[in-house]
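K.L.:
Quick one, structure for this:
(3 chains)
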Amino acid sequence: MVELLAQTGLNALYAGSYMSLVAVGLVLIFGVMGVINFAHGELFMLGAYAVVALYADLQMPFILAVALGLIFVGLVGIGMERVMFRPLRDNPLGGLVASIGFLMILQAVAVMGFGVRMEHVPPATQEIIVFSEKVRLPLARLYVIVAAVVFLTALWAFLTKTRFGWALRASAQDPEAAALQGISINQTSRIAMFIGAALAGVAGALTAPLVSVNPHMGHSVIVTAFIVIIVGGIGSLEGAVVAAFAYSVVHTVVTTFWDGVIADIVGLSLMLVVLIVKPTGLFGTADRA
Amino acid sequence: MIIKMLKNGLSRRRFLGSAASVAGVTAVSGVSTRVLAAEKVIKIGFLAPLTGPVAAWGKPGLDGCQIWAEKINAAGGIKLADGDYMVEFIGYDNEYDPAKARTGATKLIREDEVKFVMMLGGDTWPGAQPVADKTGMLFSTLLPSDLAPDTVTLVAPTEVHPIYNVTGVEWLAENKPDLKTAVMCAQDDALGLPSVATYLAAFEAAGIEMIEEPLLFDPATTDFAPVVTKLIADDPQIVCLDTCYSDYVHPIAEQLFQQGYKGQIISCTADFYDQMIAKTSVEFMEGFIFQFPDFDDPALNSEDINFPDPNGFFADYNERYPGEWGAVSWEYASIMDLWKAAAEKAGSAEPDAVLAAMKEGGKGMHAFGIADWWGKDLFGIDNALVGNWPVVVIEGGKARIKAFKSIPEWYAKHGDLLKKHMTAYNQMWDQRG
Amino acid sequence: MPRLAKQGSVVLAFVVLLIALPHGLSFSQQEILVFLTINVLLVTSYRLLTLTGEWSLAHVVIMGVGAYSSALYSKELGIYVPVSMLLGACTAALIAMFLSYPLFRMKGFYFLIGSFAAGEIIRLLWKRFRDPFGGPKGLKKIDPMPDFDIGIWQFDFFEPVSYYYFALVVVGLSLWLMWRIERSPIGLTFHAVHWQDKLAQSVGVDVRAYRTLAFVLASGFSGLSGALLAHYIGTINPNSFDVEMMVFVLTWAIVGGTETFYGPILGCIVLTIFNEVVLRELGFEQMRPFIYGLLMICSVLFLPKGLESVVQKLLLRRANGDKQKEEKADPKESEA
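P.N.:
Residues are numbered from 1 along each chain as shown, chains lettered A, B, ... in the order given. Predicted coordinates for the structure are as follows:
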């Protein structure tokens, strides 16, 4: 039993890691730009396919493939900002619809480029850290956990210690005041979009060898991401991280001891309860809705 | 243009195949079968998911049919009483939605005037059924669980999911008699459940004990670590993956490997097993039992096999659609072989004549040998063509057919068990719907 | 020509067109027409909800509630199909009422996501419980509308044309009801709640009650459309009512525009014809989602006020043209 719990804990740690990257990206985009990016799951998928193309097909080193994937998805994010979200800044519902249209395009592109079947990415490494007979952590999963720590710390440093980061936070808090202070909203949107998309992309890239890569893999990711950011608090990055791990623990435990559908119902119910009792979420403060 | 861009940098293997499917043309004839207006043509409908999450069960089948059509047309077409006819497939993407299946059936039958409609079945069959009933059109499905006493024009002539799964278990029990405990996991959907009942019956017949209730997981699961942790918690000797789609078989196998499982694995499918080996190891996958052979297996060249030139078909398919080969790739083509033989025997392509010719004598030429028209007990109607099915085992990194086992023979011995478990899972024909 | 007579003859011509329409279409297009009619009801009921300014993502699931309940009432309880349809609509409205308690404590984006969660939970319950919902496979062999004969037309409800006429009557009636509601004091209050909720509250309007009313009414009509669907195809499963379908409804409403009554209807008709007829005819299977997505993006970028704005501009130009004609006629008269 102890071993089962321990293994479950490790599973949850891994799930929480990549989920927190995705969720933080989503919060950043919503916080700075006020737009709900429905295509966020597909950005995750794009990162996974980047690894398929670069690492599985072109046989580049895994780390390089992940890095290039991160940059690629970040650039796609910038493209999205310029073409869709900037012109639709005053029309949030329009931005939502546009992001839905874009996700359909991304899915179709994945199918056209790679076919309908799932893709296979060779493992990044087959090393496994063995704690005991039943408690093991594959090194590839540890990579994801480490990457989450590294990127989130880097983001925190960026937001609190650099000029750009400060500008981002100011824009998120009060865009008009920020503009008055000379902070270019276009530039902060671009940066937020790059970082947000890149985080989703790198999560996808790192987990590509560990999950089944197919054009529809983004769907469950976005649903979970929404639950997480609501529970964590819509404007709060720390909330997103905490909620991502909390949700992963609950979901993993319920799946292990009951089943996956019940776990989904529990997750959604949790979200509803938070919305009813404390709509701003666990950590939420500023209300951008 | 996207394809050209990508083609320059990336492997030919992948993008050539996709370029063919990008053209996405639904009226599939292929260059050599482009029929002249003056030639006589028979149209066959292909009503299956061609886009969307379930496309992997439809699209590769249409591709296989394309190859089949080219071969047949090059050899002169279908020879009926009033002359030779070329074959043309007309596809309709039903997106695995019963409403679109209905619209598609209407279009194919009443507008395109097809003589035969092939479907994947499952959720979409009940949508198309009223159209089938009204028009008397002959339909085929890959899922015998669609059959019922009132589906008189529906046949399940190739895939006999899930009952073929009993062959794998039977072979396992005969060849590895010291394995006595098992667990099972399956996705909770229309394919998973009847298969669960079948495996349970098969294990019981073989005297193998299920140490846990079957573990049903949500089809949307992407992270299988918790599922597998739970699955192997009590050290089973056999892990059964039921009829998990390859999207699940791969991550589950990988998790089993990573979590240190060292026992026997049995599954219905193992598409792209070479990739599975890459993710685990040759030793880990040694002895993996499943039900779908590679078509370059020499055992398929035996005389009992009714699939013409399986090795050639396999080679053709992999050249045109690299990376897309799976169970579905050949099954629809195999149904076409059966249909063609029946049409030529009847001298006519009319649905009722073909159906009668197909079922004449109670036996038919199934891909894997002569088989019985079967199914009254389980489905309420004898419209499933059931005979032998191969048991495939991975040895030294390659899938090898180890034996062909007879399903009707198994059923004669253990049919009661199967009925018992099917009833328990509400999968008997009189319990459904 | 006197104005009233002119309007009357336009309406008559329109009705005649609707009745004649299916006979000019191919069989499969007739099928699509039936689905289109049902979807018009669905999207118009959605608009009723958005009148109060709230956008919900549970609307299609509530359609499913209507579908599942009507199917179960007729199948399990043997209730006569047209009656079970009405009961299905009422059940949907009831569920909406029940959901309004938790959901209407939220507004805006939170309501959007909360409604999505509520809808998804209901859908997962259908998926999880084989008894009575049929689990992932859903329900099959749902009773069809009983056939009948009215002399000039034999209603064989398998035939799309017959079901289309039936659906046309039901949908037409519902649309008329919704139109009347919008024009009534209740409808005006909906608008007030949307645009001036603080002001409305200050004159004693119970904002939340009106939001709930709009939600319940919209859900009832949505449930009715679900029942119509269930008894036509004869089979439903949880995937028929998933978020993909909801996205389509959302798109029809936004692309069509929600300021006018006909905006969402226009969006629904144009986009459905585009997706099901045009793109399929062109043979682009894999490209269909791509082109559809592109269309969605382009329409919100270049037609932010929706297709209805195009129609409005055309009508305005015509009205101005008429006015100019009248002015030309008048000076001549006064001269003489």
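
K.L.:
Could you tell me which residues of the stretch 51-200 of chain C lie near chain B?
P.N.:
Selection of the stretch 51-200 of chain C residues close to chain B by CB under 8 Å from any CB of the partner chain yields C:Lys127, C:Arg130, C:Gly135, C:Pro136, C:Lys137, C:Gly138, C:Leu139, C:Lys140, C:Lys141, C:Phe158, C:Pro160. Any C-beta I mention is one placed from the backbone N, CA and C, and that applies to glycine too.

K.L.:
Most neighbours out of the residues you listed, which is it?
P.N.:
Greatest neighbour count in those, by other CB atoms under 10 Å in any protein chain shown, goes to C:Gly138: 28 neighbours.

K.L.:
Spit out the contact partners of it.
P.N.:
Applying CB atoms under 8 Å, 6 or more residues apart in numbering or on different chains to C:Gly138 gives the contacts B:Asp123, C:Trp126, C:Thr235, C:Ile236, C:Asn237, C:Pro238, C:Asn239, C:Ser240.

K.L.:
wait, doesn't the fifth one sit right on C:Arg130?
P.N.:
No - proximity of C:Asn237 to C:Arg130 does not meet the contact threshold set by CB atoms under 8 Å, at 11.7 Å.

K.L.:
now the contacts of C:Gly138 in JSON lines, with distance to C:Leu77 and secondary structure?
P.N.:
Shown next, in JSON lines, are the contacts of C:Gly138 (distance: CB to CB, whole Å; DSSP: H, G, I helix; E, B strand; the rest coil):
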{"residue": "B:Asp123", "distance to C:Leu77": "25", "secondary structure": "helix"}
{"residue": "C:Trp126", "distance to C:Leu77": "18", "secondary structure": "helix"}
{"residue": "C:Thr235", "distance to C:Leu77": "19", "secondary structure": "coil"}
{"residue": "C:Ile236", "distance to C:Leu77": "17", "secondary structure": "strand"}
{"residue": "C:Asn237", "distance to C:Leu77": "21", "secondary structure": "coil"}
{"residue": "C:Pro238", "distance to C:Leu77": "22", "secondary structure": "helix"}
{"residue": "C:Asn239", "distance to C:Leu77": "25", "secondary structure": "helix"}
{"residue": "C:Ser240", "distance to C:Leu77": "22", "secondary structure": "helix"}
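
K.L.:
now for the helix or strand of chain A with the lowest mean pLDDT, which elements pack on it?
P.N.:
Counting by mean pLDDT, DSSP states H and E, chain A has its least confident helix or strand at helix A:175-180, which shows a mean of 76. When contacts are defined as 3 or more CB pairs under 8 Å, 6 or more residues apart in numbering or on different chains; DSSP states H and E, helix A:175-180 packs onto helix A:163-173, helix A:185-207.

K.L.:
May I see the buried residues of it?
P.N.:
For helix A:175-180, the neighbour count (16 or more other CB atoms under 10 Å in any protein chain shown) marks A:Pro175, A:Ala178 as buried.

K.L.:
Show me how chain B divides into domains.
P.N.:
B:2-161+B:301-386, B:165-290+B:389-424 (automatic domain parsing).

K.L.:
try chain C
P.N.:
C:29-240, C:242-336.

K.L.:
Including mean pLDDT, could these go into TSV?
P.N.:
Output for those, formatted as TSV (pLDDT from 0 to 100):
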stretch	mean pLDDT
domain C:29-240	86
domain C:242-336	80
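
K.L.:
To A:Gly165, which of the ones you listed lies closest?
P.N.:
With CB to CB as the measure, domain C:29-240 is the member of the domains of chain C nearest A:Gly165 (24.7 Å).

K.L.:
Need the distance between the two termini of that closest one.
P.N.:
20 Å (CA to CA, to the nearest Å).

K.L.:
One more: stretch B:179-198?
P.N.:
Stretch B:179-198: ends 19 Å apart by CA to CA.

K.L.:
For that stretch, give the mean pLDDT please.
P.N.:
The pLDDT scores in stretch B:179-198 average 86.

K.L.:
Check stretch B:103-116 too.
P.N.:
92.

K.L.:
which residues are in contact with that stretch?
P.N.:
B:42-45, B:47, B:90, B:92-94, B:117, B:127-128, B:131-132, B:135, B:137-140, B:339, B:349-351, B:354, C:26-28, C:30-32, C:35, C:160, C:276.

K.L.:
and with 6 Å instead?
P.N.:
B:42-45, B:47, B:90, B:92, B:94, B:117, B:128, B:131, B:135, B:137-138, B:339, B:349, C:26-28, C:31-32 (CB atoms under 6 Å, 6 or more residues apart in numbering or on different chains).

K.L.:
name the element C:Met246 belongs to?
P.N.:
Under the criterion of DSSP states H and E, C:Met246 resides in helix C:243-256.

K.L.:
does any part of that helix sit near chain B?
P.N.:
No - contact of helix C:243-256 with chain B (CB under 6 Å from any CB of the partner chain) is absent, the minimum separation being 8.8 Å.

K.L.:
now check that helix, is it near chain A?
P.N.:
Yes - Helix C:243-256 lies within reach of chain A by CB under 6 Å from any CB, at C:Val247, C:Thr251, C:Ile254.

K.L.:
Return the distance of the closest residue in space to the first one that isn't next to it in sequence relative to chain B.
P.N.:
The spatial neighbour of C:Val247 that comes closest, neighbours along the chain excluded (CB to CB, 6 or more residues apart in numbering or on different chains), is A:Ile100 at 5.5 Å. Using CB to the nearest CB, to the nearest Å, we find A:Ile100 at a distance of 16 Å from chain B.

K.L.:
Which strand or helix spans C:Leu217?
P.N.:
Assigned by DSSP H and E, C:Leu217 falls in helix C:207-233.

K.L.:
That helix - contacts with which helices or strands?
P.N.:
Applying 3 or more CB pairs under 6 Å, 6 or more residues apart in numbering or on different chains; DSSP states H and E, we find helix C:207-233 packed against helix B:98-106, helix C:27-50, helix C:59-76, helix C:81-103, helix C:160-183, helix C:185-195.

K.L.:
For the lengthiest helix in chain B, which outside residues touch it?
P.N.:
In chain B, taking DSSP state H as the definition, the longest helix is helix B:327-346. Defining contact as CB under 6 Å, 6+ apart, one finds that helix B:327-346 is touched by B:57, B:60-61, B:64-65, B:68, B:78-79, B:116, B:118, B:140, B:157-159, B:269, B:292, B:307, B:317, B:349, B:353-354, B:357-358, B:367.

K.L.:
Which of those residues are buried? Put it as a PyMOL command.
P.N.:
PyMOL command restricting these to the buried ones, with burial defined by 16+ other CB under 10 Å:
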select buried, chain B and resi 57+60+61+64+65+68+78+116+118+140+157+158+159+269+292+307+317+349+353+354+357+358+367
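
K.L.:
Find the residue ranges of the stretch 301-433 of chain B scoring beneath the pLDDT cut-off.
P.N.:
Low-confidence segments of the stretch 301-433 of chain B, defined by pLDDT under 70: B:432-433.

K.L.:
Get me the contact residues on it for chain A.
P.N.:
Residues of the stretch 301-433 of chain B lying near chain A (CB under 6 Å from any CB): B:Glu324.

K.L.:
Please enumerate the strands of the stretch 301-433 of chain B.
P.N.:
Per DSSP state E, counting those that start in this stretch, the stretch 301-433 of chain B carries strands over the ranges B:363-366, B:369-374, B:384-386, B:388-395, B:398-406.
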